[in-house]
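# Next input, structure requested:
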Amino acid sequence: KIRSIYPTMSAPVPAVTFEVFEATCGPQLRAGGVPVYLWRSIFAKLSAGRADAADVFSTVADDDRDEAEDDAPAYTVADTDIEAPDVDSNHGNVWLARHA
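Residues are numbered from 1 along each chain as shown. Model (predicted):
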């Protein structure tokens, strides 16, 4: 049975070094096109169990849609201005979302 090193976002995860994270998750992050300069920020957030996307983004629906339309499109919008990341700082604009 394969067990994720990050089983849930509900609590901090047992200590995992960045090197283990990089070796374990690096191939998937690379395949997903996630820039390397974001990996330390992702690692820090996962290690702390911090999903912060809801602090910055909201999901909204079109006000003109019929409420009976279950398949009406919804959009994710930033609730605040987002600055361009400084790629040389090893920090960037990356947010983690909880999902079902």
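# What does R98 show for phi and psi?
Dihedral pair for R98: phi -80, psi 150, per degrees, to the nearest 10.
# Renumber starting at 44 from here on
Fine by me, first position is 44 from now on; the one you just mentioned is R141.
# which non-adjacent residue is nearest it?
Leaving aside its sequence neighbours, R141 sits nearest to A94 (C-beta to C-beta, 6 or more residues apart in numbering; 4.6 Å). Yep, even glycine has a C-beta here, placed from its N, CA and C like the rest.
# wait, doesn't that neighbour sit right on I85?
No: contact status for A94 versus I85: not in contact, 11.4 Å apart, counting by C-beta atoms under 8 Å.
# one step back: how many other residues sit next to the residue nearest to R141?
The criterion is other C-beta atoms under 10 Å. On that basis, A94 has 16 neighbouring residues.
# now do A140
Every residue meeting other C-beta under 10 Å relative to A140 is counted, giving 11.
# And it, how far from A96?
A140 sits 4 Å away from A96, taking C-beta to C-beta, to the nearest Å as the criterion.
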